[in-house]
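**Student:** please find the sequence and the predicted model below.
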Amino acid sequence: MSRPGSGKARGSRALKERVRTGKGRTVSQKIWLERQLNDPYVKEARKLGYRSRAAFKLIEIDDKYRFLKPGGRVVDLGAAPGGWSQVAAQRVAAEKGRGKVVAIDMHGMDPIPAVTILHKDFYDADAPSLLIAALGGEKADCVLSDMAAHATGHRQTDHINIMALAEAGYDFARTILKPGGTYLAKVLRGGTEGDLLKLMKLDFATVRHVKPMASRDESAELFVLATGFRG
């Protein structure tokens, strides 16, 4: 997969949109909005109907490692706004009635064709049984987690918070994955992700870090991909 907009002729320069610091808008908000307006992945997501630019991260990772297969059963943790669920539904052919995708989030989200949405916290004790029931009584082939805690601006704190989510997702995945299954989760560079990898290698045949092109270059964001769940 190439970066959106990478096919432009050499030497051509796209006009960059500027945002004025309007009343009630901080400088940081201006910078964020300006980046969104000029992000080729944001523009491509709107063009193709994806709910977030994050859809391209999953597309790129699956293009390389091929774990979302037609007929597969997928659980998307912390799914809102639904970009990953959209991609998963396409890849497992859920719209054709072959695969199943269940999205779970404690925040509400708009319906997605061929995706079952549970408005629920996956930490709840009954969440695994509800998800398996929504998958037709079978365990999942793949558990996805693009969850991120609200940023505090303190790098170490943000790292600890997102790693806690990745570890919680990993513990959850072990309860609902079939043997041979896959777990994909967002993490951040910062040191302790090595401890998580050691744990995951006990349960999965292969564990690796992945940095898709759709992740911004300046971001510490990584994804950990664990395949071949031993059950």
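**Tutor:** Okay, I see it. Numbers count the residues shown, from 1 in each chain.
**Student:** D63 looks like it's in a strand, true?
**Tutor:** No. Secondary structure of D63 (DSSP: H, G, I helix; E, B strand; the rest coil): helix, not part of a strand.
**Student:** what distance do you get for it to K139?
**Tutor:** Here the distance between D63 and K139 works out to 25 Å (C-beta to C-beta, to the nearest Å). For every residue, glycine as well, the C-beta is placed using N, CA and C.
**Student:** give me the domain ranges for this structure.
**Tutor:** Domain assignment for the chain by automatic domain parsing gives 14-48, 55-229.
**Student:** mean pLDDT for those domains - can I get that in CSV?
**Tutor:** Below are the domains of the chain laid out as CSV (pLDDT from 0 to 100):
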stretch, mean pLDDT
domain 14-48, 59
domain 55-229, 90
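**Student:** that older thread, which of D63 and K139 has more residues huddled nearby?
**Tutor:** Taking other C-beta atoms under 10 Å, D63 and K139 do not tie; K139 has more neighbours (19 against 12).
**Student:** is it true that that one touches A173?
**Tutor:** No. Using C-beta atoms under 8 Å, K139 makes no contact with A173, being 10.2 Å away.
**Student:** hey, what's in contact with both of these two?
**Tutor:** Shared contacts of K139 and A173, defined by C-beta atoms under 8 Å, 6 or more residues apart in numbering, comprise G181.
**Student:** out of the domains of the chain, which is the most enclosed?
**Tutor:** Each of the domains of the chain was scored by mean neighbour count; the highest is domain 55-229, a mean of 18, by mean count of other C-beta atoms under 10 Å.
**Student:** give me the distance between the two termini of that one.
**Tutor:** 24 Å (C-alpha to C-alpha, to the nearest Å).
**Student:** do the same with stretch 214-222
**Tutor:** 11 Å.
**Student:** contacts for stretch 108-123?
**Tutor:** For stretch 108-123, contacts defined as C-beta under 8 Å, 6+ apart pick out 77-82, 85-86, 88-89, 94-95, 100-107, 127, 130-131, 134, 168-169, 172.
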